[in-house]
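Q: Provided below are the primary sequence and the corresponding predicted coordinates.
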Amino acid sequence: AQSVTQLGSHVSVSEGALVLLRCNYSSSVPPYLFWYVQYPNQGLQLLLKYTSAATLVKGINGFEAEFKKSETSFHLTKPSAHMSDAAEYFCAVSDMWGYSTLTFGKGTMLLVSP
Amino acid sequence: NAGVTQTPKFQVLKTGQSMTLQCAQDMNHEYMSWYRQDPGMGLRLIHYSVGAGITDQGEVPNGYNVSRSTTEDFPLRLLSAAPSQTSVYFCASSYSQSSWETQYFGPGTRLLVL
């Protein structure tokens, strides 16, 4: 069984500040890990994914995440927040040897203030 | 390409009514799935399909039915709507059933059951 824990249902940052969204996973088999972003009243869009090629993964819009097996973590970061980054962010895990079914965390709403 | 499309965008039902949520993709994707999104719960998998004629249950399948007669379409049927099925429903597709594939999400259907 797999599970994902996202610490903090809401994270507030100032524009220009570091963004750090936390994700920890539990998986009995090697995982693939994903971060998706959801803007208001829209579907989900892939930010980045870890598929075992490199532990530091760069995504769109300046986001990146580092896979740390020893900490079972896949935290999302961005050096400088922009107002347009305000959205809900979901971490998800899939089973390396299974189908393309995702187990999602509960989401973290990122609030960016001027 | 239109990507993943969903209809309707919004629907109000009375308890006990039935309806079908439509999902279509024009990317010739093999894998399709349905998720529901509830506040504070993230997204949970309802049903998925790894190809035409093949479907399987996800985490929360009760009260829902699916079929996949073509590669393009994957409708979700609510047999007898209940207030607990009030939610936002997302359809997603990916090129293959491999678990590293990116899933592409539709814009969602908001369902209110009274």
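A: Okay, I see it.
Q: Setting the sequence-adjacent residues aside, check what's closest to residue 51.
A: Because you didn't say which chain, this covers chain A. Nearest residue to residue A:51, sequence neighbours excluded (C-beta to C-beta, 6 or more residues apart in numbering or on different chains): residue B:100, at 4.3 Å. All C-beta spots, glycine's among them, are computed from the backbone N, C-alpha and C.
Q: Can you look at chain B instead?
A: Nearest non-adjacent residue to residue B:51 (C-beta to C-beta, 6+ apart): residue B:30, at 5.4 Å.
Q: got a list of what that neighbour touches?
A: Taking C-beta atoms under 8 Å, 6 or more residues apart in numbering or on different chains, we find residue B:30 in contact with B:50-51, B:71, B:94-97.
Q: Return the distance of residue B:103 relative to chain A.
A: Residue B:103 sits at a distance of 7 Å from chain A (criterion: C-beta to the nearest C-beta, to the nearest Å).
Q: okay, now that residue: neighbour count?
A: Residue B:103 is flanked by 26 other residues according to other C-beta atoms under 10 Å in any protein chain shown.
Q: how about the residues of chain B near chain A?
A: Neighbours of chain A within chain B, by C-beta under 8 Å from any C-beta of the partner chain: B:4, B:31, B:33, B:35, B:40-45, B:48, B:50, B:58, B:90, B:92, B:94, B:96-103, B:105-108.
Q: Could you count how many residues lie near residue B:74?
A: Residue B:74 is flanked by 29 other residues according to other C-beta under 10 Å.
Q: Phi and psi next, for the residue lying closest to it once chain neighbours are set aside.
A: Of all residues not flanking residue B:74 in the chain, residue B:32 sits nearest, at 4.1 Å (C-beta to C-beta, 6+ apart). Backbone torsions of residue B:32, given as degrees, to the nearest 10, read phi -140, psi 150.
Q: Check residue A:112 too.
A: The phi and psi values for residue A:112, taken as degrees, to the nearest 10, are phi -120, psi 120.
Q: still on that earlier bit, distance of the residue nearest to residue B:51 relative to residue A:86?
A: With distances taken as C-beta to C-beta, to the nearest Å, residue B:30 is found 35 Å from residue A:86.
Q: Residue B:83 now?
A: From residue B:83 over to residue A:86 the distance is 31 Å, taken as C-beta to C-beta.
Q: These two: which is more packed in?
A: Legend: neighbour count by other C-beta under 10 Å for residue B:83 and residue A:86, higher for residue A:86 (17 against 10).
Q: which residues does the residue positioned nearest the centre of chain B contact?
A: A centroid search over chain B (C-alpha atoms, centre = their mean) returns residue B:34, at 2.9 Å, as the residue closest to the centre. With contact taken as C-beta under 8 Å, 6+ apart, residue B:34 is in contact with B:21, B:23, B:45-48, B:58, B:64, B:66, B:74, B:76, B:89-92.
Q: just residue B:53 next, same as before
A: Counting by C-beta under 8 Å, 6+ apart, residue B:53 has contacts B:68-69.
Q: Next one: it from residue B:70, what distance?
A: Plainly put, residue B:53 is 10 Å away from residue B:70 if you go by C-beta to C-beta.
Q: hey, where'd the strands end up in chain A?
A: Using DSSP state E, the strands of chain A run over residues A:3-7, A:10-14, A:19-26, A:31-38, A:44-50, A:56-58, A:64-68, A:73-78, A:87-95, A:103-104, A:108-113.
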